[in-house]
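**Q** Have a look; sequence and predicted model below, questions after that.
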Amino acid sequence: MFKKLIRDMVDVAFDVTGDLKEIVTYRQFVEAGYDTATSTPINITNDVLNVKAIFARFSEDERDDEVMVLKDWKVLVPASALESITLGDAVEDTIIDSKGKEWNVRRYMGIVSGAMHTFHVRAA
C-alpha cells in the first residue's frame, strides 16, 4: 500500500517539475545469442520512448572513485516509466536525451523505495 503511494507521489513529482525534467529514450541492450562464425555476441535493443527523466549532478557525499566530476551525471527516472523492461546491471544501456545526445550508463545505482531508478551516466 505505501509502496504504491510512494510510486504515485514520484510520478506526480515528475509531472510538476516543469523545465527540470526532459523526455528521453531509454535504450536497453540485450544479448540475444552468440555468432560463432564472427566470435561476437548478437545484441538487440529495446527502446522505451517518452521517459521522464531528471539529470542532476552528484553531491559531494555521492562522489566516489567512479565519478568524474566534470563529465558524469546521475539520471533519475520514475519506476513506472521502465516497467516494460527488466533492468539488470544496465552497464550496456544508453539514455538518449531530448537533444539526441547519447549518455552511456556507467552504473545502475538502484531503485529508491521501489519508486525511482537512479543511473550514473557519462556522455558517449
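**A** Thanks, I have it. Numbering: from 1, shown residues only.
**Q** Strands of the protein, residue ranges please.
**A** For the chain, the strands defined by DSSP state E occupy 21-35, 40-56, 72-78, 94-96, 102-112, 116-123.
**Q** how many degrees apart are the second one and strand 21-35 in direction?
**A** Think strand 40-56. 170 degrees (axes from the mean of the first three to the mean of the last three C-alpha atoms, to 10 degrees).
**Q** Name the residues of strand 40-56 that are buried.
**A** 48, 51-55 (16 or more other C-beta atoms under 10 Å). Every residue, glycine included, has its C-beta placed from N, CA and C.
**Q** Neighbouring strands - and their directions - for that strand?
**A** strand 21-35 (antiparallel), strand 72-78 (antiparallel) (DSSP bridges).
**Q** Quick check: end-to-end length of stretch 66-85?
**A** Stretch 66-85 has an end-to-end distance of 26 Å (C-alpha to C-alpha, to the nearest Å).
**Q** now what about it, what contacts it?
**A** 7, 10-11, 14, 24, 26, 28, 46, 48, 51-58, 62-63, 95, 103, 106-107, 109, 111, 114-123 (C-beta atoms under 8 Å, 6 or more residues apart in numbering).
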